Every structure is written in structure tokens, then in C-alpha cells.
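Colleague: Provide a 3D model corresponding to the input given below.
(chains A and B)
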Amino acid sequence: MMRHLIPLALLAATPAVAQEKPVLTVYAGESVASEWGPGPKIEEGFEAFCACDLRFVTGDILPRLLMEGAATEADIVFGLNTDVTARARASGLFAPHGQDVSGLSLPIAWDDPIFLPYNWGETAFVYDETRLENPPTSFAGLLDAPDDLKIVIQDPRSSVSGLALLLWVKAAFGDAAPEAWARLAPKVLTVTKGWSESYGMFTEGEADMVLSYTTSPAYHIAAENDTTKHAAIFPEGQYFMAELAGQIASTDQPLLAQAFMDWILTPGFQEVIPLANWSLPAKLPQEQWPQVMRDLPRPEKTLFLSETEAQSLRDEALDEWLRAFSR
Amino acid sequence: MAAGILALGAPRVPALGGALVAGALAALIMGTLAAVAWQAQGLAALGPWDWRAVRFTLWQAALSAALSAVLAIPVARALARRRFPGRGALVTLLGAPFILPVIVAIMGLIAVFGRNGVINETLRAAGLPEFSVYGWQGVILAHVFFNLPLSVRLILQGWQAIPAERFRLADSLGFGPADTARHLERPMLRAVLPGVWLAVFLVCLTSFTVALALGGGPSATTVELAIYQAFRFDFDLGRAAALGLVQIGLSLAAMGLARRIAIPAAFGAGLQAARGPAGPRGWRVAADAMAIALAAVFLLWPVLAVTAAGLPALPALPPEVWQAALRSVLMALASALLALALGLTLALAIARGRGGWIEAAGMLPIVASPLVLGTGLFILLRGWVATDMLALPLTVLINAIMALPFGLRALIPAARTLQADFGRLADSLDLRGPARLRLLVLPRLAPQLGFSGGLAAALGMGDLGVITLFATDSPTLPLKLYQLMGSYRMAEASACAVLLMAISFALFWLFDRGGRLA
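Modeller: Model (predicted):
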């Protein structure tokens, strides 16, 4: 019996390749292409007019791309984070997106000719009002909170949101960042590899607050009818994060790749984002956001470090972070 | 070296198959490391934080291994000398944590030992200080939870390998429990424990997710995390390769140490111990019962907690999850068969000759960084074949290789005993090739083969493997679990965890049971 099972298993490894249509290969982050992410809707939407086959290839996209270099099969890279663009840009693999980026619905100015944002949000500490009755109302308040207020965060070495926290603290506290970390460290219950493990611990009730996004409560409201989860909005500001798309210069499908880039900022694409990606659309008037997103409290201040600042600060910030935890 | 003495009578047939497999293994592991270093154009120097990671990795692995081995002794002894209804099922069940997917095990441990877990609820109610599972103590706890089952199984096999005739002889000589311990049990432990310690030490050496989830912060950084950081955060392949080399160096040193300490027990040939010795009466009955009960509670409670949490959402899982489950089962079966073929070839070669390097090559996968292995393969294969197509076959291959060392720990001693007890007889009867395999090897090694195959199938089921780098559009079940967690669907993720756990366990049970009945 086993003799028949092995070819079967290998068969399962072979994607259906019965196509005459041209294929647009899109490297995307793990969460994008699952049936619970925006991937399927994006695929469906694009294939409706491109006369092509959009193929998501998911995984560790940036390391893979850097290793493949110009020989990469990717035509589009989808889901790069704002804080790692310096290295992606330095690879020289990307071509300009050619889009008009005026009138984006972002809280910061955007004039990058290479990377095109398709969604955004801010980092925030999320809490459950039934478990944390008096949440800190400022970042300073969080630092001053008693040490039995426990938070879970992500490791900046393995997670983009963890890296964003590092830069958030740097942007909010500047040279006082080491002291801020020294006061935050005793409240850190644990540091997880990625966002998922942290968020799971938070929903299990292990931690009072979790490092997540300002848009996280929208999921609980829209999908679970649960209005007890909130993002703490700090007057010091929340740190901006966006996910970006870029087209590969050496693509063998330049027209398709351009068509995809041209589609990203259109309403047909942008309307998919809020309730599939649980983040905010990069170009869509606020009136057209789903009610649940419009109702979320917006931060008064958005912090963001440019990619050059982020790149030059990250090693120092990481060192400060490591030091704070090794006392 | 001791194997050489035992096998003195055996003809020096070059164990070609074993040498080939071992050579291929070593080439794969060292070759992928070299590929990563080559891509980086050399090794890069390690920073102070890397060395801190090396120190933490070493001491947590040594302590976790020592605790797992020591705690396993009373449990294994109790299981070896007591007979009670459901004993066989319990022995299988106690193996559960070892084959649990890491992420599922962490969920279970948090449900029991976490801030809101049962233990702390009880402590709070009693007005006692709480126990924090976050910190180095949590890492050790999790490692003992994972590896106690392996230790118990290996030591139990040691106990069962003492021929029943020896215990009957001891009885007729009027041995008390202390005499039995001195003449039979301690020599056996002396032979088995270093290997047990080594196996657990090596597992903990490459620990990654456990240390990261329960470590409480970066002071619990392991070498594997430093490798991950070098890849993901710094894209410094040279440092990744250097760290991978350090990891392998540490493990080779540990293997050398364990070899020096181990003194093989020679009990000679006997009929298979169909039934173990009757245990001593008196207070020792209660002590044995206590050891078994404590181990069962410690090992099974987290499993039950995960099951209880995930079961309600199980029927609501979408069809894609079931498809992924089927794909993962097929891959796990393929991994198991491959691991069995490789393991048996290696074990027989090791039993026949000196085979020191073959054994070391067989243990090497345990410490090879999956990240280095995956990345190295990616670098080597890219440009030759479409890497996307290879994601699943390579996952099967790597999972088989990763499971190999555990299977070998069970197979090697059994193959040595077989060779020592029956090798000369079989040789004198000119029993060779397929006939020897069918008439002698397979029947005598069936329990160990079942155990190894079960381990490989279960470990292959739960492992994310190299799949994240190679990328695929045919997701496996563990990948689905992460995708669910990544889209806020924690309830469905726990249901997926239950499914993953149930399948891993069923696969292990089928193989293990099959092997013991054969």
C-alpha cells in the first residue's frame, strides 16, 4: 500500500500546472495567502481582468529574495514591512512602481518611488477591559505601572512587530530609550517569536496587554461581536507600520506586474483590505472604510522613523533592548 | 569500541550500506553548512551576545537532560516491574509529549502552569506565592516535559533488555531489592543513562520555540535563535554558518563525553523477556504507584488541557484544514518509511563493526540547525530545479533525517544485542541478505522498528520543517495552524492543534503497537 502512497504524496507537492495563461508569481508573507487572509480575494479580483494566473508563493520572502537575487522567479513582492525596506532597496532588485502616491490615506507623507503601501496601522498595546480596568493612558503611564501589570511582546530579532516596538520606543523616548526599557522589562511576561504566539497568550488571559496593532480590536468586534478588547492610545504617539508591494526589475512578465501595481491603489483592491487583513487601506476615503474601522479611536500622533533612520538605529536599539533584559 | 569487542566473532563484512548512508548524512549536514558559508563568502565572527547564547544553551541543555534522565529512572523502574491493567496503554500514552508539536505543547503547559493555569489558581487560593513558568525555569520545565517520555522509554527498554532469566536467577539466589539493584539494575543504568542524557542534551541544544515562548526574555536566547536572528534580522549568512558550526562542535564534544562515560552491560543471551520480574512488595509498591501517577499527571494534564480547549471548535474547521491534514499524513508516512530504511541500515552496520563514525553521523541530524540545513539545501538546489516543487519532498526527507537519531537510540542497542547473541549463529548458518532480514532481524527488532517509525511519523507530522523558506502553495497542517493563529482565529487554531496532536499520536500508536505485536 505504501508504494502507492509515496507517489501520491509527491503528487500533492506538485501544484496544478494546467495552464496556458501567463503566470504572475507573487512572493507574499505567510498570513497573506491563507484563506483567512486577503490573498484569495486579491487573486480572484486580479484574475477577473488580467487573463493570467496569479500565483502566491508564501514563506520567508525577504531572505529568500536576497538569496535568489536577480534570478528570482518573483514578479511581485507583497508584504514587505516598512522597517526592512532599506535592505530590500539596497539589493537593487526592484523597479519603480510608477504610481501617483498623492492623496494616500496615510497619516504620514509617502513619496517612495519603489515601494507602494497597500495597508497600514500602528503598533499598540491591546488589553481586555474586563481584565484590566485601569489601563495606562500614556506610554509613560505604562512605564510607571506596577510590575504586576504583565505584557507580552515579540522578539525584534524574529518579528517585524517586535522590531517596530524597538523603533517605537526609540522614536518616543530618544536617548532615554535604555531607561524606558529598564522600566518596561520587569513587566514583560515573556517575549515570543512572532505576533501569533503573543496574541494567543493574551487571549488565553496570560497577559494583561499584548503588543499588537491599533486595528486589532476591529477583528473582535466584527468577527466575534466582542467589544471588550481595546488598543491603548498613548499621547506620545503610536508607531506607524505599513505593508508594501514592489515589482521586480528582472521580471519576465513586466506588463502583468505593472498591471498588478496599477491595481493596488484602486478601490477594488483597497476595499478588500480592512476586513480581510484587519488593517487600514492605503488609499480609500475614510467614509468608505467599514464602520468598525471608522469607529476605532485614532491616535493623535503617529511616530515613524525613515528607513535610513531605522536602519542606522536598529543595531544600537537592539543592543539597548538586550541589555535591559540581561540585568 | 565496546561494540567491537562484542562483535569480535563477526566476520569483517564491510558494512557498505551503513557507510553509504552515514556518508550521505554527514555530506548533507556539513555540505549545507558549507553552502551557507560559501554563499556568505566565509564565516563571520561571533559577537558577545552570540557567546551568551552559547552559554545559556549549554547549561539549560545540560540541566534539562540531567533532570529528564534522573526523573525517568523511578518511572521506568516502576513500569518495568509492575503489572496492572492498562499498563501497555499507559506506556504509549506517556510518550505523548515527545511527539507533540512544540506550539501545541506550549499551549498545554501554559494552560496548566501559566499565570491563569490550574497550578497558580490553586496556589493563589491557598495564599501561597505563585510559580512563574516564564523564565529559565519554564524552559527547563518544558524541556523535561518534552523529554521525560523519551528518557522513560529508553530506560524502560534497558530494563526490559535484561533477560528474565537473570531476574529469576537473582530470585533463586535470594537477592533483595538492593542486591538486584547492584548486580543487575545499576550496570544496566550505567550503560543506558549516558545515551539518554546525550539524546536529551542534543534535543535541547537546538531548542528554539520553547526558549522563545517561555524564556521570559532575551536572556534565554539559544544558539538556534541566534542563527535565526543572523538569517532574518541581519541576513548575515556567515554568522549563521559559524553558529551552526559551534552547535555541531558542541554536540560532537557531548557525544565524545557520553561515549567515555557509558560502560556497556553484558548480560549475555537469553530468551526474550515476555514478562518482567515481579517487583518487590511492601512500601515499594506504593512508591512505584506514586512515581507512575506523578509522571502521568505531569505528562498528560497539559495534553488534556489542550484537548479540552480545542475540541469544541473541531467540527467547524474548514475543509482546507482537512486537506492539509491528509497531505501531512501522507508526508509523515513517507518520512517514517524513509527513516526506518535509513535507521535500520545504520543500526545494523553499527552493530556489526566498530562504526564509531557511523554512529556519530547518525546522531548528527539532531544538532544540525534546521534553518542552516534548509537554507543550505535551498542554495545548493536553486538554479537546478524549481524549488517550489521541492518543498514537500524535501520536508519529507528532512523530517526523516531529523527523526533518525531518536530511532537510532532505540535501534542501536537492540541491533547490538541481536548481533552479539545471534550474529555468530546466523553467520554459521550462512543466513544472509533478505532471508536474514526476514527471519532474524525484522522479527527481533520489530518493537524498536515500530517505535522508531512511530516517532518519525509523529515528528514529521508536527514539524514545520524547511517549508517556510522553500515556500509552497500546498500547505501542511502545522502551517495551517500558524495561519489560523496569524489571522486572530485562536479558537480554530486550538481545534487545529487538537487535530494535529490526535493525528501525530494515532500515527505513533499505530507504528508502536504494530511493532510490539509483530
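
Colleague: show me where pLDDT drops low in the stretch 51-200 of chain B?
Modeller: Judged against pLDDT under 70, the stretch 51-200 of chain B has no low-scoring part.

Colleague: residues from it in reach of chain A?
Modeller: By CB under 8 Å from any CB of the partner chain, the part of the stretch 51-200 of chain B that sits against chain A consists of B:52, B:103, B:106-107, B:110-111, B:114-116, B:134, B:138. Every residue, glycine included, has its C-beta placed from N, CA and C.

Colleague: Which of those residues fall in helices?
Modeller: Secondary structure defined by DSSP state H assigns B:52, B:103, B:106-107, B:110-111, B:138 of these to helices.

Colleague: closest to chain A among those?
Modeller: The closest of these to chain A turns out to be B:Ile110 (CB to the nearest CB; 6.1 Å).

Colleague: Distance check, the closest one against B:Ser132.
Modeller: In this view, B:Ile110 and B:Ser132 are 12 Å apart by CB to CB, to the nearest Å.

Colleague: Now do the helices for the stretch 401-518 of chain B: every range, in order, please.
Modeller: Per DSSP state H, counting those that start in this stretch, the stretch 401-518 of chain B carries helices over the ranges B:433-436, B:442-462, B:467-470, B:477-486, B:490-517.

Colleague: Same list, the ones you listed, but as CSV with distance to B:Leu373 please.
Modeller: CSV is the format used below for these (distance: least, CB to CB, whole Å):
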stretch, distance to B:Leu373
helix B:433-436, 33
helix B:442-462, 15
helix B:467-470, 10
helix B:477-486, 17
helix B:490-517, 22
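
Colleague: Reformat those helices as CSV; add distance to B:Leu381, mean pLDDT and mean neighbour count.
Modeller: Below are the helices of the stretch 401-518 of chain B laid out as CSV (distance: least, CB to CB, whole Å; pLDDT from 0 to 100; neighbours: other CB atoms under 10 Å in any protein chain shown):
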stretch, distance to B:Leu381, mean pLDDT, mean neighbour count
helix B:433-436, 34, 81, 11
helix B:442-462, 20, 88, 25
helix B:467-470, 9, 64, 22
helix B:477-486, 20, 87, 24
helix B:490-517, 28, 90, 21
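
Colleague: Out of the ones you listed, flag the one nearest chain A.
Modeller: Comparing the helices of the stretch 401-518 of chain B under CB to the nearest CB, the one sitting nearest is helix B:477-486, at 3.6 Å.

Colleague: Could you tell me the angle between that closest one and helix B:490-517?
Modeller: 160 degrees (axes from the mean of the first three to the mean of the last three CA atoms, to 10 degrees).

Colleague: so what does helix B:477-486 touch, helix or strand wise?
Modeller: helix A:30-33, helix A:195-203, helix B:102-113, helix B:319-352, helix B:442-462, helix B:490-517 (3 or more CB pairs under 8 Å, 6 or more residues apart in numbering or on different chains; DSSP states H and E).

Colleague: Mind putting those into a markdown table with distance to B:Glu121?
Modeller: Below are the helices and strands packed on helix B:477-486 laid out as a markdown table (distance: least, CB to CB, whole Å):
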| stretch | distance to B:Glu121 |
| --- | --- |
| helix A:30-33 | 33 |
| helix A:195-203 | 17 |
| helix B:102-113 | 10 |
| helix B:319-352 | 32 |
| helix B:442-462 | 29 |
| helix B:490-517 | 20 |
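
Colleague: per-residue confidence averaged over the helix or strand hosting B:Pro393?
Modeller: For B:Pro393, the element it lies in under DSSP states H and E is helix B:387-428. The average pLDDT for helix B:387-428 rounds to 83.

Colleague: quick one: is it near chain A?
Modeller: Yes. Counting by CB under 8 Å from any CB, chain A is contacted by helix B:387-428 at B:388-393, B:396.

Colleague: Which of the residues you listed lies at the shortest distance from chain A?
Modeller: Comparing the residues of helix B:387-428 next to chain A against chain A with CB to the nearest CB picks out B:Leu392 as the nearest, at 3.3 Å.

Colleague: so that closest one sits right up against B:Pro475, yeah?
Modeller: No. Counting by CB atoms under 8 Å, B:Leu392 does not reach B:Pro475; the two are 10.0 Å apart.

Colleague: Mind jotting down where the helices sit in the stretch 1-150 of chain B?
Modeller: Under DSSP H, counting those that start in this stretch, the stretch 1-150 of chain B gives helices at B:2-6, B:16-39, B:48-81, B:87-93, B:96-99, B:102-113, B:118-125, B:136-160.

Colleague: Same list, those, but as a markdown table with mean neighbour count please.
Modeller: A markdown table is the format used below for the helices of the stretch 1-150 of chain B (neighbours: other CB atoms under 10 Å in any protein chain shown):
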| stretch | mean neighbour count |
| --- | --- |
| helix B:2-6 | 15 |
| helix B:16-39 | 19 |
| helix B:48-81 | 20 |
| helix B:87-93 | 15 |
| helix B:96-99 | 24 |
| helix B:102-113 | 25 |
| helix B:118-125 | 13 |
| helix B:136-160 | 23 |
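
Colleague: circling back: which of the residues of helix B:387-428 next to chain A count as buried?
Modeller: The neighbour count (16 or more other CB atoms under 10 Å in any protein chain shown) marks B:388-393, B:396 as buried among these.

Colleague: about what we covered before: would you turn the residues of helix B:387-428 next to chain A into CSV with distance to A:Ala74?
Modeller: Putting these into CSV (distance: CB to CB, whole Å) gives the following:
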residue, distance to A:Ala74
B:Asp388, 11
B:Met389, 16
B:Leu390, 17
B:Ala391, 15
B:Leu392, 20
B:Pro393, 22
B:Val396, 25
